[in-house]
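**Student:** Structure here, sequence nowhere to be found:
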């Protein structure tokens, strides 16, 4: 039920982000979702892509430091309270959200939220029990 | 194993008697043949006959790098030019280059001393030695080369540079010993991995590393990564080249100085007072046997300390602690003395961190600032900002705790800090250009 996310260390200087996207484009890897966290010196680019193995390999070959993390993608109705319902479950279960990012699907009826939890397996179990729809990695890569 | 058992295990008393005999002859020689020394002796009112004990060394003048520069190129030769068979010179990056001449006998002695070093490192005539020290005016390449031949091993004279090709040769020739700078060993390791070769899987078993200061932590890092015994070697072109001292593979604790050829002292770099064994100061060397260009009390600028207790390997020569830094490399940051090697130790202790780092010193207003740039490798990287910031914080704290200096830490992308095929450049002091 987990989704593989790759993360890339970027120094804060012009052209680095462009280089990542160019390498992905050249290798015909599509980006499904992304988030960029930054400080004054460096940033961490987190990506869910169509082929994480290929992306990781290409980026490493080009000298980037690349990490891989398991995250959880959850589908929620795109309406008020959708996210809150999920966070309530997690909060009650004592699971902490390290970071998250979200995007709205083309249909606009649902949104997908990508979570990085401190306790991933426990979070999946809690959400599953409450009938929350967890998107498998394969589905997301091939969106 | 010991290459020259007689000399290398000479009882201290006999060694000192030999040193005194050689010192007396040396002083006679330079007084008679080198105008620079004759004039200095006269100015200080010292005659060769005043040297009666080793302690009288104190009466003699120091020689500084600047003296070599002032007599560029051949002004300090003690023999006619026709007796000189080789010239080496420093790169001259910090000023006019310093030139050193060698007679045929000097070259032979050097080869024998390097052969002693190879044997002390655990090498034998059965080894294949990959020599990645630069060949040319730099003493590293040819110094190691002649020593390996003297011992009877196979030498592969790769010289510096062409890292990809070096990796190929390591794989194809299967050398068992490598000579290079410690930082270049890590560059080779990295390049090998990129080429799908793990040096650990190759027959390589000994690394003889020198020409730049490195730390015990870096040694462990290299030994773990490459699966070899890493041996520290010391030398300097003004004195001879590599082979002035080396660690034995038995103890790996201090570098045995070839005391039958070099008389060593430790002095306080500020007061020039001679310090007793065990105290940290600047290494001063007098060449006892050099013919072409002998030097009296040469101030090496290298900071170390001496241990005269015989080593468990059987050698009786005094040992110098691994070079702690250079008195002219020492950074003074807001009045605090900082050696790059100290920062390196802290980095390696902090998170087993990158051997690739750069210290950038600037002056902002009237205050010095130290920025420590460290490359982020996969081991260190995290997808969470707070983890990276925690590491930055830890380095800052450790530098503050150990050195009392507040540094800024900047995490850098891999390979963004310039690699060197020779001596690693660890300091960027921007104060000097202002």
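**Tutor:** Yes, it's here. This one's a predicted model, so the numbers in the text were calculated from it and none came from an experiment. Numbers count the residues shown, from 1 in each chain, chains lettered A, B, ... in the order given.
**Student:** count of residues packed around the residue of the stretch 151-300 of chain B found nearest chain A?
**Tutor:** Relative to chain A, the nearest point of the stretch 151-300 of chain B is residue B:194 (8.4 Å; C-beta to the nearest C-beta). From N, CA and C alone the C-beta is placed, and that goes for glycine too. For residue B:194, the count of nearby residues is 14 (other C-beta atoms under 10 Å in any protein chain shown).
**Student:** Pop out the phi and psi values for it.
**Tutor:** phi -60, psi -30 (degrees, to the nearest 10).
**Student:** show me the contacts for it.
**Tutor:** Contacts for residue B:194 (C-beta atoms under 8 Å, 6 or more residues apart in numbering or on different chains) come out as none.
**Student:** from what I can see residue A:2 touches residue A:137, true?
**Tutor:** Yes: Residue A:2 is in contact with residue A:137 according to C-beta atoms under 8 Å; the separation is 6.3 Å.
**Student:** If you count surrounding residues, which of those two has more?
**Tutor:** Between residue A:2 and residue A:137, counting by other C-beta under 10 Å, residue A:137 is the more crowded of the two (18 against 15).
**Student:** Isn't that one up against residue A:3?
**Tutor:** Yes: between residue A:137 and residue A:3 there is a contact under C-beta under 8 Å: 4.3 Å.
**Student:** Now do the shared contacts for these two.
**Tutor:** residue A:73.
**Student:** thinking again about what came up before, and the residue of the stretch 151-300 of chain B closest to chain A, how far is that from residue A:5?
**Tutor:** 25 Å (C-beta to C-beta, to the nearest Å).
**Student:** for residue B:362, same thing?
**Tutor:** Taking C-beta to C-beta, one finds residue B:362 at 38 Å from residue A:5.
**Student:** and what of residue B:199?
**Tutor:** 32 Å.
**Student:** What of residue A:13?
**Tutor:** 24 Å.
**Student:** what do you get for residue B:411?
**Tutor:** 20 Å.
**Student:** of these two, who's got more company?
**Tutor:** Taking neighbours as other C-beta under 10 Å, residue B:411 and residue A:5 compare with residue A:5 leading, 27 against 24.
**Student:** Give the helix, strand or coil label for that one.
**Tutor:** At residue A:5 the chain is in strand, as set by DSSP: H, G, I helix; E, B strand; the rest coil.
**Student:** My guess is it contacts residue A:68. True?
**Tutor:** Yes: the criterion here is C-beta under 8 Å, and residue A:5 meets it with residue A:68 at 7.2 Å.
**Student:** Give me the common contacts of the two.
**Tutor:** With contacts taken as C-beta under 8 Å, 6+ apart, residue A:5 and residue A:68 have residue A:52 as neighbours in common.
**Student:** Excluding residues flanking it in the chain, which one is nearest residue A:128?
**Tutor:** With C-beta to C-beta, 6 or more residues apart in numbering or on different chains as the criterion, residue A:128 has its nearest non-adjacent residue at 6.6 Å, and that residue is residue A:134.
**Student:** Pull out the buried positions in stretch B:114-129.
**Tutor:** B:114-123, B:127-129 (16 or more other C-beta atoms under 10 Å in any protein chain shown).
**Student:** ok, these vs residue B:263, which is closest?
**Tutor:** Residue B:263 has its nearest neighbour among those in residue B:116, at 17.2 Å by C-beta to C-beta.
**Student:** Report how many residues lie close to residue B:52.
**Tutor:** 10.
**Student:** Could you measure from it over to residue B:107?
**Tutor:** From residue B:52 to residue B:107 the distance is 32 Å (C-beta to C-beta).
**Student:** Ok, residue B:293 next?
**Tutor:** 12 Å.
**Student:** more neighbours, the two?
**Tutor:** Between residue B:293 and residue B:107, counted using other C-beta under 10 Å, residue B:293 has the larger neighbour count: 27 against 18.
**Student:** residues contacting that one?
**Tutor:** Per C-beta under 8 Å, 6+ apart, neighbours of residue B:293: B:76-78, B:100-102.
**Student:** Next, the distance between the ends of stretch B:325-337.
**Tutor:** End-to-end span of stretch B:325-337 (C-alpha to C-alpha, to the nearest Å): 11 Å.
**Student:** what mean pLDDT would you report for that stretch?
**Tutor:** Predicted confidence along stretch B:325-337 averages 76 (mean pLDDT).
**Student:** Are we agreed that residue B:39 is in a helix?
**Tutor:** Yes: the assignment for residue B:39 (three-state DSSP) places it in a helix.
**Student:** okay, now it: neighbour count?
**Tutor:** 11.
**Student:** Quick check: the residue in chain A positioned nearest to chain B vs residue B:252, distance?
**Tutor:** Nearest to chain B in chain A, going by C-beta to the nearest C-beta, is residue A:7, at a distance of 3.7 Å. According to C-beta to C-beta, residue A:7 stands 40 Å off from residue B:252.
**Student:** At the contact with chain B, which residues of chain A appear?
**Tutor:** Within reach of chain B by C-beta under 8 Å from any C-beta of the partner chain, chain A has these residues: A:5, A:7, A:9-11, A:16, A:37, A:39, A:41-42, A:44, A:46, A:63-67, A:69, A:98-99, A:116.
**Student:** Those, buried ones only, as a ChimeraX selection?
**Tutor:** Buried residues among the residues of chain A next to chain B (16+ other C-beta under 10 Å), as a ChimeraX selection:
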select /A:5,7,9,10,16,37,41,42,44,46,64,65,66,67,69,98,99,116
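**Student:** would you list every one of the helices in the chain?
**Tutor:** I'll assume chain A. A:16-26, A:52-61, A:82-92, A:120-129, A:137-141 (DSSP state H).
**Student:** I was thinking of chain B, sorry if that wasn't clear
**Tutor:** Going by DSSP H, chain B shows helices at B:5-8, B:12-33, B:35-44, B:65-70, B:104-120, B:139-151, B:163-173, B:182-194, B:216-226, B:340-351, B:385-403.
**Student:** between those, which has the poorest average model confidence?
**Tutor:** helix B:340-351 (a mean of 83).
**Student:** And it, what's buried?
**Tutor:** B:340-348, B:350.
**Student:** repeat for stretch B:414-424
**Tutor:** B:414, B:417, B:421-424.
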